[in-house]
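Student: A predicted structure for the sequence below; I have some questions about it.
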Amino acid sequence: MHKIIQKKPLGQDIYLLEFEAADIALAAGAGQFVMLRIDENGERFPLTLYDFDKTRGTVSVVCQAVGKSTRKLCSLNAGDAVRDMAGPLGHAVETRLIGKIIIIGGGVGTAEAFPIARAMQRSGNDVTVIIGARSRNLVISEQEMRAFCSKVIVVTDDGSCGRKGLVTDVLRELMDSERYDLVYAIGPAIMMKKVSEMTLPRAVKTMVSLNSIMIDGTGMCGGCRIIYGGKSRFVCVDGPEFDGHKVDFDDMMRRGAQYRRQEKQSLESYEHQCRISGQQETK
Amino acid sequence: MTRKKAKKQRALERIKNFHEVSSGFSEDEAIAEAGRCLQCKHSPCVKGCPAEIEIPAFIKAIKERRFEDAIFVINKSNNLAAVCGRVCPQEDQCEKFCVLAKKGNPISIGYLERFAADRSASHDRAGKQPANQEMLLEKVAVIGAGPAGLTCAADLARQGYRVTVFEGLHEPGGVLIYGIPEFRLPKEIVRREIESIKKLGIDIRLNYVIGKIKTIDQLRSEGFRAFFISTGAGLPLFMGIEGENLNGVYSANEFLSRVNLMKAYKFPEYDTPIHAGKNVAVIGGGNVAVDAARSALRLGAEKVWIVYRRTEVEMPARAEEVEHAKEEGVAFQLLSSPVKILGDERGSVRKLVCRLNRLGEPDDRGRRRPVPIENSFLELDVDTVIVAIGSASNPLLLETMEGLKLGAHGTIEADDSGRTNLEGVFAGGDIVTGSATIIAAMGAGKKGARAIHQFLHGSEKITSLQKS
């Protein structure tokens, strides 16, 4: 059991959850993830670490309530606990002095970009952060990013916060004006695909952090496999960080959507139960 | 008198549920079957048992209605009796060496073992274990709570060591929990056996992936003196053919984990979904392939093929399970090797294309090799493909162990006793042998426990463990 120490709303249906997890915190690095199972009937699902506090013995994740499991997680409060948490899994981001870096966080992926941006900045890199979201209430981690980074650009689809447009609009302008050594993109698959397509002709190295469907998260099931440079790779043990120019995003997005029907069914039956029991979801 | 057969659920009935196929022996049946045992002085059956069970002794106890003695005899050398009685390939082990086997009529040792275990559990005797030796102070870490690890841990604990088992998943048991389906090995039984092992004083840490959360060196600095690595062959192999990433293609590991570990057959009561499929092709000829095929039937598939590149004679799956699969209506597409998987416009599986083979010369294991027949091919209209061609070794722990000598396939190199090239580090089970059987893993666990005892205490006490 891992107890929730703190719960904080970050945006609409987006929460930060800080868990007691001393051993995981001690081993954790930026870019790694944990596998969670909320209760006995729950599924196992990966969440990238947002933060880890080695002295407090806690790890934090950011969760957006979308499907059944994420809604269930977001309905928990400080004092509640999840049944299982395994980690830290995947490889940590290798942080060293690279030079000028653009880090792009899309939607809830911004939370996952945060520890990477911070680690890159600490390693002496010149970091520019682009935060993209559909609208103002989905922009997260802006203040946290600004706390250590002077160049944070916010862009929203509807212009309700920061600039109006897409992260790729900002990326293009930045790359037009200056030469960058690395672009790091974390967010929806389609965003990472568009970013990778934009940086490829300019030969700017581009890393992405992938999030595919997993059962165990330790290499055992192979459900998270992607096509990478024409070969099969497992996101859980080979990643989650990959060279965006070699990832077959279309294949990955198709595989990511393969349980859409069941996910909908699962969510509907959950909402039905919630209505019957009169249980209110935390807003 | 001929060999007793245990009652089974009828095939057409059982494919509609996940309940166990066979209900095992009744008391009368068990006593009658035990009465057939000749109690050979030289006990040839024991030679065939990697768990070194005193088979004639426990059979004699059953015959004399001393049921508690029966399970006590088994528990002395094997803590997973209810499991072994169900899933060991007895026909290739103890029963193969039974004197009566020459007349095609060996004692049903497996069913008797199962009877002894189940009866003891139903009479709430599961906690009764042979007593521990005096307490020893050394801490030993076992990595992986599958059949090898649990066996090693139990033997060491019985010897008095302080044993911690580190398990990556949320439940102990390894393949017994995630791999073998409920209808062949009810999870309740696995849990019961593990509970009884825990009573030996073993600490099992779940959700603890060694190599990620801690390294072996860190455990060493925490005072662990010896290590048994039994992480299994947890990295599924794929065929490397076109279309293997299409939706509806599973590794057997994923398919079975969804069904067994995560209970996807109870979706949406349980949250994990599965794409069950109407027409399913399972690639491979081992027990895992047969388990996957029979699970697919129970999830509602109309047609299930096992696609295997050789013939039934060369299939590594247990004869009994192949027989069960046939009774249930699984079709065997033999002498066929998949060459590609075709998808529809949405990227879901629609066809499996195979090449046909004929049998050629025997390979180094004596099985005749499949030889492709030029220009031959076969198409199966399927919406699900399950790849059950084995596993490679899992890299998570190994990549953190500098200097550990590995074999050609990424498995750990260990000698017969389980010793690796690193001081105090032992290994056994699939991580050493590649995909093999549960009982072989348990045998390796026993040897590992013995070697660890020798390592920590020299030869002074080794004899007691050999006897226990």
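Tutor: That came through fine.
Student: Now do the same contact list for the residue of the stretch 1-150 of chain B found nearest chain A.
Tutor: The nearest approach of the stretch 1-150 of chain B to chain A comes at B:Gly144, 10.9 Å away (C-beta to the nearest C-beta). Where you see a C-beta, it was placed from the backbone N, CA and C, and this is true even at glycine. Shown in contact with B:Gly144 (C-beta atoms under 8 Å, 6 or more residues apart in numbering or on different chains): B:165-168, B:174, B:229-232, B:429, B:431.
Student: mind listing which of these are in helices?
Tutor: Among these, DSSP state H puts B:Ile431 in helices.
Student: Reformat the contacts of B:Gly144 as a markdown table; add distance to chain A, pLDDT and neighbour count.
Tutor: Below are these laid out as a markdown table (distance: C-beta to the nearest C-beta, whole Å; pLDDT from 0 to 100; neighbours: other C-beta atoms under 10 Å in any protein chain shown):
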| residue | distance to chain A | pLDDT | neighbour count |
| --- | --- | --- | --- |
| B:Val165 | 15 | 98 | 29 |
| B:Phe166 | 11 | 98 | 25 |
| B:Glu167 | 10 | 98 | 26 |
| B:Gly168 | 5 | 97 | 31 |
| B:Gly174 | 10 | 96 | 28 |
| B:Ile229 | 15 | 97 | 32 |
| B:Ser230 | 14 | 96 | 31 |
| B:Thr231 | 9 | 95 | 31 |
| B:Gly232 | 8 | 91 | 26 |
| B:Gly429 | 14 | 95 | 32 |
| B:Ile431 | 13 | 94 | 28 |
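Student: Excluding chain neighbours, what is closest to residue 106?
Tutor: This is for chain A. A:Gly187 (2.3 Å; C-beta to C-beta, 6 or more residues apart in numbering or on different chains).
Student: not quite, I wanted chain B
Tutor: B:Cys98 (3.7 Å).
Student: Closest to the centroid, which residue in chain B?
Tutor: Central residue of chain B (C-alpha atoms, centre = their mean): B:Ile438, 3.3 Å from the mean position.
Student: Does that one touch B:Pro147 like I think?
Tutor: Yes - using C-beta atoms under 8 Å, B:Ile438 is in contact with B:Pro147, at 4.6 Å.
Student: Distance from the host helix or strand of A:Asp23 to the middle of the chain?
Tutor: For A:Asp23, the enclosing helix or strand under DSSP states H and E is helix A:22-27. Centroid displacement of helix A:22-27 relative to its chain, using C-alpha atoms, centre = their mean, to the nearest Å, is 19 Å.
Student: now stretch A:227-241
Tutor: 17 Å.
Student: Same question for stretch A:121-129.
Tutor: Taking mean C-alpha positions (C-alpha atoms, centre = their mean), stretch A:121-129 and its chain are 19 Å apart.
Student: just stretch B:42-55 next, same as before
Tutor: Centre to centre, stretch against its chain (C-alpha atoms, centre = their mean), the figure for stretch B:42-55 is 19 Å.
Student: Now do it: everything it contacts.
Tutor: B:56, B:73-74, B:76-78, B:84, B:92-99, B:107, B:109, B:113, B:151, B:439-440, B:442-443, B:446.
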